[in-house]
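> this one's structure only:
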């Protein structure tokens with residue numbers, strides 16, 4: 001452990017010298033994504049608007065049984081962070097394999113690839129937030145002082161996504177089934193996260209094997225993304241402070257994922273050139 005800490009610090013120091021490469025890869029990813037697209041970066045705004053329209057029609061009108069006021073804003077506070085998480089994670093998983101020729105030919109810290117992928121999706125997320133703010137203006141939902149915590153919530157989400165991305169990107173190099181399995185798991189994860197519905201529609205308690213379980217609490221304890229979505233909602237949609245116990249727990253969980261995922265990634269990254 002004592003010898004791994006200096007090595008870990010040296011790795012981070014080396015990574016800091018490749019900030020220009022990260023920036024160039026972020027720009028490259030954004031250009032490739034919108035290449036030959038008529039709307040270009042405007043898709044970052046149009047896509048969430050279309051999704052909001054579909055979900056609002058289905059769950060806010062056709063199946064209107066949740067009695068959620070200002071449903072489009074409620075929905076956007078969940079769907080935008082989820083889109084960022086799912087697309088960034090999916091891209092990070094494939095980042096090493098999709099850049100096989102670069103990995104084989106040029107030396108650079110391999111973690112640059114998942115980092116640049118997550119940051120490119122972060123840019124799209126920040127652009128998409130304009131739609132959320134516009135809808136808040138339309139529905140006359142004011143920004144409160146607690147909105148200053150928005151950058152902190154975003155940072156925590158980036159940390160969690162990077163940590164999980166490092167781990168899964170490594171697995172995908174050795175086991176290509178990882179990306180396919182994650183597509184299924186992300187779909188299940190989406191429905192298990194209170195994005196288009198309110199957690200209050202779930203039973204408050206459920207007895208399992210004779211144990212009385214607090215379902216609402218378990219949703220947030222076992223699902224960091226649910227806690228993050230709740231944080232977005234409470235500071236933007238509700239205009240109140242987040243639940244500090246869940247907020248701090250999510251922060252600690254995200255940091256643990258980042259450190260563990262990064263160590264796992266750097267442990268096996270020297271083998272990537274042979275495996276891809």
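Yep, it's here. As the structure is a computational prediction, the values presented were derived from the model and not from experiment.
> distance between stretch 269-276 and the chain's centre?
26 Å (C-alpha atoms, centre = their mean, to the nearest Å).
> wait, stretch 231-241
Distance of stretch 231-241 from its chain centroid, counting by C-alpha atoms, centre = their mean, is 18 Å.
> what do you get for stretch 22-38?
Relative to its chain's centre, stretch 22-38 lies at 19 Å (C-alpha atoms, centre = their mean).
> in that stretch, what counts as buried?
Buried residues in stretch 22-38, defined by neighbour count with 16 or more other C-beta atoms under 10 Å: 22, 25-26, 29-30, 33-34. Any C-beta I mention is one placed from the backbone N, CA and C, and that applies to glycine too.
> check stretch 176-193 too.
178-179, 182, 189-190, 193.
> if you average pLDDT over stretch 33-47, what comes out?
Stretch 33-47 carries an average pLDDT of 66.
> now do that stretch: distance from first to last residue.
One end of stretch 33-47 sits 13 Å from the other (C-alpha to C-alpha, to the nearest Å).
> ok, stretch 187-196 next?
Start-to-end span of stretch 187-196 (C-alpha to C-alpha) is 14 Å.
> ok, residues contacting that stretch?
55, 59, 75, 78-79, 82, 86, 202, 219, 223, 225-226, 229-230 (C-beta atoms under 8 Å, 6 or more residues apart in numbering).
> can you tell me which of these are buried?
By 16+ other C-beta under 10 Å, these give 55, 59, 75, 78-79, 82, 86, 219, 223, 225-226, 229-230 as buried.
> okay, now the unreliable bits of the stretch 101-250 of the chain?
205-210, 212-213, 215-216 (pLDDT under 70).
> now, which of the buried residues of stretch 22-38 sits nearest residue 266?
Set against residue 266, the nearest of those by C-beta to C-beta is residue 22 (16.2 Å).
> which helix or which strand is home to the residue lying closest to the closest one once chain neighbours are set aside?
Sequence neighbours aside, residue 116 is the residue nearest to residue 22 in space, at 5.0 Å (criterion: C-beta to C-beta, 6 or more residues apart in numbering). Assessed by DSSP states H and E, residue 116 sits inside helix 112-138.
> quick one: that helix to chain centroid distance?
10 Å.
> got the buried residues for stretch 265-276?
Buried residues in stretch 265-276 (16+ other C-beta under 10 Å): 265-266, 269, 272, 276.
> so which one among the residues you listed has the lowest pLDDT?
residue 276 (72).
> that one touches residue 173, doesn't it?
Yes. With contact defined as C-beta atoms under 8 Å, residue 276 and residue 173 form a contacting pair (6.1 Å).
> shared neighbours of the two, anything?
With C-beta under 8 Å, 6+ apart, residue 276 and residue 173 have common neighbours 96-97.
> Throw the contacts of stretch 187-196 into CSV and include secondary structure and distance to residue 99, thanks.
Shown next, in CSV, are these (DSSP: H, G, I helix; E, B strand; the rest coil; distance: C-beta to C-beta, whole Å):
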residue, secondary structure, distance to residue 99
55, helix, 34
59, helix, 39
75, helix, 35
78, helix, 32
79, helix, 29
82, helix, 26
86, helix, 20
202, coil, 41
219, helix, 36
223, coil, 31
225, helix, 27
226, helix, 32
229, helix, 31
230, helix, 35
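> just put those in JSON lines and tack on distance to residue 143.
What follows is those, written out as JSON lines (distance: C-beta to C-beta, whole Å):
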{"residue": "55", "distance to residue 143": "23"}
{"residue": "59", "distance to residue 143": "25"}
{"residue": "75", "distance to residue 143": "18"}
{"residue": "78", "distance to residue 143": "18"}
{"residue": "79", "distance to residue 143": "19"}
{"residue": "82", "distance to residue 143": "22"}
{"residue": "86", "distance to residue 143": "26"}
{"residue": "202", "distance to residue 143": "29"}
{"residue": "219", "distance to residue 143": "27"}
{"residue": "223", "distance to residue 143": "27"}
{"residue": "225", "distance to residue 143": "23"}
{"residue": "226", "distance to residue 143": "23"}
{"residue": "229", "distance to residue 143": "18"}
{"residue": "230", "distance to residue 143": "18"}
